[in-house]
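Asker: only geometry, no sequence info:
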């Protein structure tokens with residue numbers, strides 16, 4: 001995977017955070033060649049998030065949004081994985 005694309009993703013997420021904005025999935029996917037598989041796109045996202053998080057542990061991947069500005073399935077998966085106790089408090093303890 002090219003470091004350049006990871007840096008582009010990281011830069012996009014950092015700018016969004018600095019301006020208190022979200023990154024629509026369409027904008028995220030537009031950073032990649034149309035032939036890039038989803039698995040490599042999300043691998044680049046995870047590397048960019050890790051690059052940005054540093055010691056803070058902030059999950060910049062949570063800034064991705066659907067076209068309507070709402071959180072998508074990915075947000076809840078990240079929330080559950082990274083802040084499980086908070087996830088249970090908000091979503092309830094019934095696990096599916």
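Answerer: Done, it's in. Nothing here was measured: the structure is a model prediction, and the numbers come from that model.
Asker: any chance you could map the strands in this structure?
Answerer: 23-24, 64-65 (DSSP state E).
Asker: Provide the strand pairings for the first one, with the direction of each partner.
Answerer: For strand 23-24, the paired strands and their directions (DSSP bridges) are strand 64-65 (parallel).
Asker: Looking at the partner strand now, give me its mean pLDDT.
Answerer: Mean pLDDT, strand 64-65: 89.
Asker: Other residues contacting that strand?
Answerer: Strand 64-65 is contacted by residues 22-25, 28, 45, 71-72, 74-75 when judged by CB atoms under 8 Å, 6 or more residues apart in numbering. Backbone N, C-alpha and C define where each C-beta goes, glycine included.
Asker: Of the residues you listed, which pair is most distant in space?
Answerer: The span of the contacts of strand 64-65, defined through CB to CB, is set by 45 and 71 at 15.2 Å.
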